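**Student:** compute the structure for the input listed below.
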Amino acid sequence: MFITIYRATYTSELLIIKSRLESEDISCLILDENTLNSYPMYSHAIGGARLQVEEKDFMKAKDILLDLGYPIQEIQEKENWLDRVNQLVFKIPFFQKMQIEKRLLLFFILIILIVFFLTYILNHL
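**Tutor:** Numbers count the residues shown, from 1 in each chain. Purely as a prediction, here's the structure:
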């Protein structure tokens, strides 16, 4: 499970931190990166981009960020269900190049269509 360790207004700051963490073999994700690169004015509305690390690597990543001079959020965010869905959907190659909003919207539409289709078939057997 991934947890947020740092937030930034712009993704460029997170890319530097991500590079340093990955050099220490810590898996990282930057959430909302594509959205903010496409629409930087959304940054304050969505709370900026989020850097997440695996829960098992949190303490090591925290020490690295403190050494680099970045303050760590006191309360780490556990990922919500929407973040988990996004991580699962992102593994499907078709969805990877889409912005997060489009990716999740299309995924939920597909799920709804599948449910309606299965319901229709089961009712007409």
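
**Student:** from here on, contacts and neighbour counts on C-alpha atoms
**Tutor:** Fine.

**Student:** is residue 29 in a helix, a strand, or coil?
**Tutor:** At residue 29 the chain is in strand, as set by DSSP: H, G, I helix; E, B strand; the rest coil.

**Student:** surely it touches residue 51?
**Tutor:** Yes: counting by C-alpha atoms under 8 Å, residue 51 is a contact partner of residue 29 at 5.8 Å.

**Student:** ok, residue 46 to residue 12 distance?
**Tutor:** 16 Å (C-alpha to C-alpha, to the nearest Å).

**Student:** also residue 39?
**Tutor:** Applying C-alpha to C-alpha, the value for residue 39 to residue 12 is 14 Å.

**Student:** of the two, who's got more company?
**Tutor:** residue 12 (13 against 10; other C-alpha atoms under 10 Å).

**Student:** would that one count as being in a strand?
**Tutor:** No: going by three-state DSSP, the assignment for residue 12 is helix, not a strand.

**Student:** quick one, phi psi at residue 111?
**Tutor:** phi -60, psi -40 (degrees, to the nearest 10).

**Student:** give me the neighbour count for it.
**Tutor:** Neighbours of residue 111 (other C-alpha under 10 Å): 12.

**Student:** bridged to the residue most central in space within the chain, which residues?
**Tutor:** The residue lying closest to the centre of the chain (C-alpha atoms, centre = their mean) is residue 31, at 3.3 Å. On the basis of DSSP bridges, residue 31 takes part in beta bridges with residue 50.

**Student:** residues in contact with it?
**Tutor:** The contact partners of residue 31, taken as C-alpha atoms under 8 Å, 6 or more residues apart in numbering, are 49-52.

**Student:** same deal with residue 14?
**Tutor:** Residue 14 sits in contact with 7-8, 30, 49-51, where contact means C-alpha under 8 Å, 6+ apart.

**Student:** buried members of those residues into PyMOL, please.
**Tutor:** Buried residues within the contacts of residue 14, by 16 or more other C-alpha atoms under 10 Å, are selected in PyMOL with:
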select buried, resi 7+30+49+50+51
